[in-house]
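In: turn this into a model:
(one chain, ligands or ions: 2)
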Amino acid sequence: MIELTGAMIIDLHTHTNIHSPCSILSPYELISRAEEIGLDGIAITEHDHVWSRESIEQIKEKTGTRLLILTGQEVSSVYGHLLVFGHNGYLARYSLDEIMEEVHINGGVVIPSHPFRYGNIDRDIRELEEEFSHFDAIEALNGNQDEYQNRFGLRVMESLGLTGIGGSDAHSVRMVGRYATEFFSVIQNEYDLIREIKAGRCRPVFNKG
Ligand SMILES: [Zn+2]
Ligand SMILES: [Zn+2]
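Out: Ligands and ions are numbered 1, 2, ... in the order given. The predicted model follows:
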């Protein structure tokens, strides 16, 4: 079902009904759907909340899944939504500069979520260069952007030579894995994920199925 196959396909953007009130997706449904469509892993990225490793281990034990389950958060910043991996603290109250500094000091990455969902789309791509150069990657493909916005995301990524990721932004079962990220090395934890994103060894992919 996945268009491109590599070492690992991971949906890097999902919300569950445990910590995202806007989601109707239970972690059990998320895991079972991800397995069903053949994903290698998922990242649970709730709004302004990071799952504890202990809670993830409990879910893994209950389901017996062999799926890689990573954790991150989607920070509700003044700039807009930001996917953050490698920082577990609450960041929404800070300015963009402070978030960037805080996450980078901790060795994490900051990636604007669905950057073209609410605009930016009719601008000259070169005007976006300075804005996006500060981030570690952009979410070029997102399940809550329409096709035109996603196509623009891919063009921006390619034109500016940015690292791009993809995520379904799933809030329901049918959205899981619609977009994902392909990695060319084996990812076993958040450290591997961050290293590969920083090195630009990944690309956004979509699910044809
Ligand atoms: Zn969002
Ligand atoms: Zn989201």
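
In: CA only for contacts and neighbour counts going forward, please
Out: OK.

In: residues making contact with the longest helix belonging to the chain?
Out: Identified as the longest helix of the chain according to DSSP state H is helix 147-160. The contact list for helix 147-160 (C-alpha atoms under 8 Å, 6 or more residues apart in numbering) reads 115-117, 121, 125-126, 129, 138-142, 162-164.

In: what segments of the chain are strands?
Out: Taking DSSP state E as the criterion, the chain contains strands spanning 8-14, 41-47, 68-76, 81-85, 109-112, 138-142, 164-167, 179-183, 202-206.

In: where does pLDDT dip in the chain?
Out: 1-6, 208-209 (pLDDT under 70).

In: before we move on, back to that, what comes up buried for the longest helix of the chain?
Out: Within helix 147-160, the residues scored as buried using 16 or more other C-alpha atoms under 10 Å are 149, 150, 152, 153, 154, 156, 157, 160.

In: any chance of a markdown table for the residues you listed, columns distance to residue 93?
Out: Listed next are the buried residues of helix 147-160 as a markdown table, based on distance: C-alpha to C-alpha, whole Å:
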| residue | distance to residue 93 |
| --- | --- |
| 149 | 28 |
| 150 | 29 |
| 152 | 30 |
| 153 | 27 |
| 154 | 30 |
| 156 | 29 |
| 157 | 28 |
| 160 | 30 |
